[in-house]
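Colleague: this one's structure only:
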């Protein structure tokens, strides 16, 4: 029986269509995976089911009855629970307090009945095999236990439909194993599980059914047994590769930057680097493929010099001194790449304000600053190009053009581009792509981190695949496919290092 | 055992000095556990001391005075939560504004009513029991009331549904909101309870001195804030720190005349607070969402 | 729903919300005047006549406004860097004390050396006192609000001790007088217009500081780093701005500006340091800066407004208690922060398309 039916769901954010006529059915007592790349519309679909987003169109039926889910508390009362990617837990409170919050058992109206609560939580945790000491504070619990608290929070509210949004990237391999086991326990106890994921290995271990989304549309919805990992990887990424733009052949073997057995430390274990080695040549675009959270953040911090390796070496043109300027296009432009309240001109100076040509004895010189800003604004086609306008008034694409222009006009041999086209429209994407290739052809080295495989295949000369902090494969981009990369990204395959 | 610090009189003095620190410190603990920084304690003390004085003066009943003091404390706190919880404006600036308002308003009213901006007419103190005639403080209901309030506050914060929700909105209002808790309502209640405690503290000041004098809170609101921090945002810790401050101040009075001792003991609580905040002793960690207005 | 105009220019929006806050404060003060049974027209006409209606009153207003300019800059520059300095009161105590002691100890030096020396003493004293909470914040991450409050009390304790035990004139609460060479002339010695009022050359120091500060913030790389740090620490770090160093330096500047208050009072007016002289100008400086949206030029205007209140309240004291000024100031503070929020939310609603 279908416990949840979502029909013709459509959701737009401004011009952007996140879900386009999506229909999915979820069977009772099954584990159903929703698979797709970043931006494919998985989270949007589930947030509509959980009442975070209101659909523009579409019908939701729960247990056969049509429902309007206006907010999360409505979803909870319908027996739907969601474990978010970022846990909604209160670190200073105990596991028990977190679980019962908002639905506390009481005596005399308002006195907490801790004993009853504890008995209830312990019996739940035993029933579903979610081992936990309810008296521990969240801040002292490992991530895996925190996730169990989130699950118990939902079970305590008697939900029988549980949505997990990318639950495993934050877990260690052992925690992943026990998490997958607990999913099976939940199914055995009659719960329906919806699992949003990237990792095909998980899909093919525990799931019964799967639905693949691409660009807001369903491309496949079937039983697990009706498909193969290879087919899923192919459908996830799509095959519509645009023709490769004109690239010169690499003439140089000079290494701009080289990582030699670099390991790093990070608070979240999967995001540190483990013994990573690679190099980037002059006049080359090196693509970094991988599901987010597999060490890319650490890689960037190390390249930019904000973090230092705990072992191994980073060589710059064979030496160990970091260059003074590195062009960096950040993934979160609004947070890290610009200051919304600053004008275009002030934003053009961000990180470049100390360059000698712009100031004399620390006083900004109008002539060179004005010349620089009008040059970048026109060269990079920022619209409207009025340098005294606050940047917050510009569209995302124009903000990104400004950031790209500011960074690429830096005197740096290395360009680090972190998801440089995320959230942009097609014209802006084409623009960013063409300038990255132009810079490569001029002899610069580009490190391109992207979750868009089509983009990586189009732009890169070589591609390295990161999985859990290491490189699982190095490919010549003309000799690989998105399907092959997908297998390495999801940990299904791994090159044997020589 | 003739050392002055072992004499009952000394202990009584410690208690007497500690009460107006401990009450607002306990109040601030409730407010900050709910995520609202309340540096308006100083002004709240003043306003409620004045309200107590005025009501006692007009009715001749210190009990009515106390009730009015508490009422004034709650009203002042609700002004703070109107600005910071409802309008979500900055909690520190609001506190500064209310402190300034209290200073001006009390002197303004004092001048109008008592014809002097610096002190009021004399009022009667609290009627005391008489089982220990030599030690009036022990016959004063404020000490047992403070003890009962301390036990009550611990119970409220850690054993009731309201307490759990209050701590939750002070740590992570977003998480509490997703579980259907009305963040604004819970925070308002926390600030109002702070007003009750602080109002009682102001009432004590007025009744203990038998009059209102201008600026009579004399930094006690800030010392209470310091006590709350040193007490690591727990009611018991806040009270112990208040008593500790009372002790060091009494010691300074005992050592009257010795060079610089008074000033040292005056600045001691503040120095200690800075040391604790910097993490030189065990680091004091405030509630995670303390001071941050919650905007959906 | 009422249709309100949409203010595209943020500076116009700021000016309007500041003006509205002032109007709210004056409205409430009018209500208070009526409630206590006085005639507001009478009160306000005396108030205006005695402050702006004659040279002496203008001189007094300028004198009262001078320290508020300094503490307004002090609060404003910290706000620009995203910092909260409520320690101006302590910083100005230490600064003014240093000014007075240097003026006393080095009394024989000629004025061209002694006056700058005294001013520099105030800058360094206030600045060093200010640097402490900045350093603690940058190094240990402890929030500056509580630390600056605590340091106000510590400063008061320290000067109480020094004035009471080390540098004192028996039976007073002030230090010995500074040398005559350290005296800063009153404006009346250049312009008889100001005859009798204590306004002195320090006001030019404040005006100069305002222009310098505006230049510093808008045209220099240091000012740029301060503003960037205040608006986005994340983006600043990626721009390789050393945000910790910026915070410490800004706190020094802020303390130094507070320290200049002593120039007005010690060098230009009383010629000694007296306990309790500041009357809370450190706190009112926060209101001055808020109302001026931290713009150094606008701070001059709002400080003058608060100066009018401070002096004007004295002139109406016979009719209505002078504390009315504090009430107006307090209501202005509470209104400006509330109105700003209301305006911002209203503006956001206009920017977003209707759901």
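Modeller: Arrived safely, thanks for sending. Remember, predicted model here, so these are calculated numbers, not experimental data.
Colleague: Please count neighbours and contacts with C-alpha atoms only from this point.
Modeller: Fine.
Colleague: pLDDT weak spots in the stretch 251-355 of chain C?
Modeller: Counting by pLDDT under 70, the ranges of the stretch 251-355 of chain C that qualify are C:347-355.
Colleague: Return the residues of it in contact with chain B.
Modeller: Residues of the stretch 251-355 of chain C lying close to chain B by C-alpha under 8 Å from any C-alpha of the partner chain are C:283, C:321-327, C:329-331, C:333-334, C:337-338, C:341-342.
Colleague: likewise chain C?
Modeller: Residues of chain C found near chain B (C-alpha under 8 Å from any C-alpha) are C:136, C:140-142, C:145-147, C:149-151, C:153-154, C:157-158, C:160-161, C:165, C:283, C:321-327, C:329-331, C:333-334, C:337-338, C:341-342.
Colleague: buried subset of the residues you listed?
Modeller: Buried members of the residues of chain C next to chain B, counted by 16 or more other C-alpha atoms under 10 Å in any protein chain shown: C:136, C:142, C:145-147, C:149-151, C:153-154, C:157-158, C:160-161, C:283, C:321-327, C:329-331, C:333-334, C:337-338, C:341-342.
Colleague: Among these, which lie within helices?
Modeller: Taking DSSP state H, the ones among these that sit in helices are C:136, C:145-147, C:149-151, C:153-154, C:157-158, C:160-161, C:283, C:324-327, C:329-331, C:333-334, C:337-338, C:341-342.
Colleague: avg pLDDT for stretch B:187-200?
Modeller: The predicted model assigns stretch B:187-200 a mean pLDDT of 97.
Colleague: Which residues are in contact with residue A:12?
Modeller: By C-alpha atoms under 8 Å, 6 or more residues apart in numbering or on different chains, the contact set of residue A:12 is A:18-19, A:56.
Colleague: Summarise which helices and strands the helix or strand harbouring residue C:113 is packed against.
Modeller: Applying DSSP states H and E as the criterion places residue C:113 in helix C:111-140. Counting by 3 or more C-alpha pairs under 8 Å, 6 or more residues apart in numbering or on different chains; DSSP states H and E, the packing neighbours recorded for helix C:111-140 are helix C:88-105, helix C:144-161, helix C:243-259.
Colleague: what is the orientation angle of the last one with helix C:111-140?
Modeller: Okay, so that is helix C:243-259. Orientation check (axes from the mean of the first three to the mean of the last three C-alpha atoms, to 10 degrees): helix C:243-259 against helix C:111-140 gives 140 degrees.
Colleague: Report the angle between helix C:243-259 and helix C:88-105.
Modeller: An angle of 60 degrees separates the directions of helix C:243-259 and helix C:88-105 when computed by the same axes, to 10 degrees.
Colleague: Now helix C:243-259: buried residues?
Modeller: The neighbour-count criterion (16+ other C-alpha under 10 Å) identifies C:243-244, C:246-259 as the buried residues of helix C:243-259.
Colleague: From these, pick the one nearest residue B:104.
Modeller: Within the buried residues of helix C:243-259, the smallest distance to residue B:104 is 23.2 Å, found for residue C:258 (C-alpha to C-alpha).
Colleague: ok, how many other residues are close to residue A:119?
Modeller: Residues near residue A:119, counting by other C-alpha atoms under 10 Å in any protein chain shown, number 12.
Colleague: Residue A:304 now?
Modeller: Counted with other C-alpha under 10 Å, the burial measure for residue A:304 works out to 19 neighbours.
Colleague: For the nearest residue to it once chain neighbours are set aside, give me its contacts.
Modeller: In space, not counting the residues next to it along the chain, residue A:304 is nearest to residue A:326; the distance is 6.9 Å by C-alpha to C-alpha, 6 or more residues apart in numbering or on different chains. Residue A:326 sits next to A:304, A:410-416 when contact means C-alpha under 8 Å, 6+ apart.
Colleague: Tell me where the model's unsure across chain B.
Modeller: Screening chain B residue by residue with the criterion pLDDT under 70, one finds the ranges B:1-6, B:127-139, B:256-261, B:280-284, B:296.
Colleague: show me the contacts for the residue in the stretch 151-296 of chain B that chain A sits nearest to.
Modeller: The nearest approach of the stretch 151-296 of chain B to chain A comes at residue B:160, 4.3 Å away (C-alpha to the nearest C-alpha). For residue B:160, the contacting residues are A:110-112, taking C-alpha under 8 Å, 6+ apart as the criterion.
Colleague: what's the neighbour count on residue A:324?
Modeller: Burial of residue A:324, expressed as a neighbour count using other C-alpha under 10 Å, amounts to 9.
Colleague: Name the secondary structure element that contains it.
Modeller: Counting by DSSP H and E, residue A:324 is held by no secondary-structure element, helix or strand.
Colleague: For it, give its distance to chain C.
Modeller: For residue A:324, the distance to chain C equals 10 Å [C-alpha to the nearest C-alpha, to the nearest Å].
Colleague: Also residue A:305?
Modeller: Where chain C is concerned, residue A:305 sits at a distance of 10 Å (C-alpha to the nearest C-alpha).
Colleague: Can you get me a residue count around that residue?
Modeller: Here the neighbour count serves as a burial measure; for residue A:305 (other C-alpha under 10 Å) it reads 15.
Colleague: Verify the contact between it and residue A:324 for me.
Modeller: No - using C-alpha atoms under 8 Å, residue A:305 makes no contact with residue A:324, being 9.8 Å away.
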